[in-house]
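S.K.: Here's my sequence, what's the structure:
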Amino acid sequence: MVLDSVILSRMLTSTTFAFHIIFATIGVGIPVMISIAEFMGIKRNDPHYLLLARRWARGFTITVAVGVVTGTAIGLQLSLLWPSFMQVAGQVIALPLFMETFAFFFEAIFLGIYLYTWDRFKNKWIHWMLTIPVMIGSSASALFITTVNAFMNTPQGFELENGKAINIDPIAAMFNPATPTKVFHVVMTAYLTSALILAAITAFAILRKKGGDYHKKALRLTMVSALIFAFGSALAGDLSAKFLAEYQPEKLAAAEWHFESEENADLIVFGTLDENNEVHNEIRLPGFLSFMAGSSFDTEVIGLNEFPEDERPPLWIHYLFDLMVSIGFYSIFIAGAFILFWKWKRRNEWNKPLLWGIVASGPLAMLAIEFGWIYAEVGRQPWILRGYMKVAEAATKADGVGLTFALFVGLYILLGILCVIVLIKMFKNKPVEAELEQRFPEKSS
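M.R.: The predicted structure follows:
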């Protein structure tokens, strides 16, 4: 692989997105969990849930700060690294890019009000209601930026003439065919991942013998939420497969190593591929690819051989797809097992194997987000704007991308380390028991 400007631009953009998506995911999902915790605290007059909301909100502010830096870097890199793309598509996607910024400021304003008005309202429900615009702002931010990515997959709302976009309809561009399924999938998996990350942290505290009623309530809340969001994510995945079968059949075919168009097509799970594109060591589910593509075993699934070789995505995305789906099923299993053990009185939901399984679910969920994002982007290759412009045509020809890549990687490593250190110190210096005693002396135990 030659490290030319195209490869270096792809590497830098990929690294930025891979780092930013961690904070973007948390930024969308954590406000929902904060709102649920405070709602339950007020409803049940339970200080543990109120403290959950308070502590989660403090940690959330740190991740928001890092997300702002990485999000700004993405905006800069779009113009610096992909000038030809922005020249064609910049005017078309300007509206959602602006609206994403507006949504972030909307969220930030109400987040500030929320943080600084604890205990300032006699009616606690007024403070809880401030979580609603925070949730709307964070989810709207995800919606608007996802419409940009959706546009890159199914571009519409403009005409291309002599390399320039004309007859621009920004609303049509935003609400392209990919938007509904992509937005639903992004938002739902962000909710799921955030719930599992909080659950993993809580389960680890319990395993370290530092968990009391506060942590047990936190784990039950996060695992019930995770199960609901896991089923929502599964539905989003099903709808996404049907979208791909209709609008991006080459991506679905590459992900499933499906080379010949046929009805009753098998779903290939795992396996290996030789130099002749023969599949070995796989698990085959007869007819399930057709069912996944069109809710019928008789659905014809277009094979990869129907497309020119230079327009086929890399076949290694199959492994990313399998890993993403496997982690999704694991999320359903671990959340369901915890709830079953909790409700089945003869079982102990605090047993070590189950708790360690929950600890693993947090990092795995974030890996699923990374795998899914890479699958979505690499599965669109070689296009940056499907059907209009390829990645190689869009990248900058300028020198110095290698140095820029090194500087940004250093920045991300520094930000990641500082974020972890600040979060650990923030909660280590103010343990749950001490804060519970300080804020609710009459109810602490």
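
S.K.: in stretch 151-164, what counts as buried?
M.R.: Using 16 or more other C-beta atoms under 10 Å as the test for burial, stretch 151-164 gives Phe151, Met152, Asn153, Thr154, Pro155, Gly157, Phe158, Leu160. No exception for glycine: its C-beta is placed from N, CA and C like everyone else's.

S.K.: mind putting these in TSV, distance to Ile201, secondary structure and pLDDT included?
M.R.: Below are those laid out as TSV (distance: C-beta to C-beta, whole Å; DSSP: H, G, I helix; E, B strand; the rest coil; pLDDT from 0 to 100):
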residue	distance to Ile201	secondary structure	pLDDT
Phe151	36	helix	91
Met152	35	helix	89
Asn153	34	helix	90
Thr154	38	coil	90
Pro155	41	coil	90
Gly157	43	coil	85
Phe158	45	coil	87
Leu160	49	strand	82
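
S.K.: And the residues you listed, which is closest to Met129?
M.R.: Closest approach to Met129 among these (C-beta to C-beta): Phe151, at 34.0 Å.

S.K.: I'd like the distance between the closest one and Val66.
M.R.: Going from Phe151 to Val66 by C-beta to C-beta, to the nearest Å gives 27 Å.

S.K.: repeat for Asn276
M.R.: Relative to Val66, and taking C-beta to C-beta, Asn276 is found at 46 Å.

S.K.: which residues does Glu282 contact?
M.R.: By C-beta atoms under 8 Å, 6 or more residues apart in numbering, Glu282 lies in contact with Trp257, Ile268, Val269, Phe270, Gly271, Thr272.

S.K.: Return the residues in contact with the last one.
M.R.: The reference is to Thr272. Taking C-beta under 8 Å, 6+ apart, one finds Val279, His280, Asn281, Glu282 in contact with Thr272.

S.K.: With distance to Leu415 added, can I get the buried residues of stretch 151-164 in JSON lines?
M.R.: Putting the buried residues of stretch 151-164 into JSON lines (distance: C-beta to C-beta, whole Å) gives the following:
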{"residue": "Phe151", "distance to Leu415": "29"}
{"residue": "Met152", "distance to Leu415": "26"}
{"residue": "Asn153", "distance to Leu415": "29"}
{"residue": "Thr154", "distance to Leu415": "33"}
{"residue": "Pro155", "distance to Leu415": "33"}
{"residue": "Gly157", "distance to Leu415": "35"}
{"residue": "Phe158", "distance to Leu415": "36"}
{"residue": "Leu160", "distance to Leu415": "38"}
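
S.K.: Select from the contacts of Glu282 the one having the most neighbours.
M.R.: In terms of neighbour count, Trp257 stands highest of those at 22 neighbours, by other C-beta atoms under 10 Å.

S.K.: Verify the stated contact: that residue with Leu315.
M.R.: Yes - with contact defined as C-beta atoms under 8 Å, Trp257 and Leu315 form a contacting pair (6.6 Å).

S.K.: Overlap of the contact sets of those two?
M.R.: Leu273, Asn277.

S.K.: any residues touching stretch 372-383, and which ones?
M.R.: Residues from elsewhere that reach stretch 372-383 (C-beta under 8 Å, 6+ apart): 14, 17-18, 21, 149, 152-153, 182, 185, 189, 248, 251, 254-255, 310-311, 313-314, 317, 320-321, 324, 386, 389-392.

S.K.: and the next element down the chain from the helix or strand harbouring Ile197?
M.R.: Using DSSP states H and E, Ile197 falls within helix 179-207. Using DSSP H and E, the helix or strand that follows helix 179-207 in sequence is helix 213-247.

S.K.: Pull out the buried positions in that following helix.
M.R.: 214-227, 229-234, 236-237, 240-245, 247.

S.K.: for it, the distance to its chain's centre please.
M.R.: What separates the centre of helix 213-247 from the centre of its chain is 12 Å, taken as C-alpha atoms, centre = their mean, to the nearest Å.

S.K.: and the angle for it with helix 179-207?
M.R.: Here the directions of helix 213-247 and helix 179-207 differ by 150 degrees (axes from the mean of the first three to the mean of the last three C-alpha atoms, to 10 degrees).

S.K.: What helices and strands are in contact with the following helix or strand past helix 213-247?
M.R.: Of the helices and strands lying after helix 213-247 in sequence (DSSP H and E), the nearest is helix 249-255. Other helices and strands packing on helix 249-255, by 3 or more C-beta pairs under 8 Å, 6 or more residues apart in numbering; DSSP states H and E, are helix 213-247, helix 317-343.

S.K.: export these to TSV and tack on distance to Phe110 and mean pLDDT?
M.R.: Shown next, in TSV, are these (distance: least, C-beta to C-beta, whole Å; pLDDT from 0 to 100):
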stretch	distance to Phe110	mean pLDDT
helix 213-247	22	90
helix 317-343	30	91
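
S.K.: Would you tell me which of these gets closest to Ala398?
M.R.: Closest among the helices and strands packed on helix 249-255, using C-beta to C-beta: helix 317-343, at 29.5 Å.

S.K.: right, and the helix or strand after the closest one?
M.R.: Criterion used, DSSP H and E; the element after helix 317-343 is helix 352-378.

S.K.: List the buried residues in that next one.
M.R.: Buried, per 16+ other C-beta under 10 Å, within helix 352-378: 354-355, 357-362, 364-366, 368-378.

S.K.: Can you report the mean pLDDT over the residues of it?
M.R.: For helix 352-378, the mean pLDDT works out to 91.

S.K.: Any buried residues in the helix or strand following it, and which?
M.R.: Following helix 352-378 in sequence order, the next helix or strand is strand 383-385 (DSSP H and E). Neighbour counts using 16+ other C-beta under 10 Å place Trp383, Ile384, Leu385 of strand 383-385 among the buried residues.
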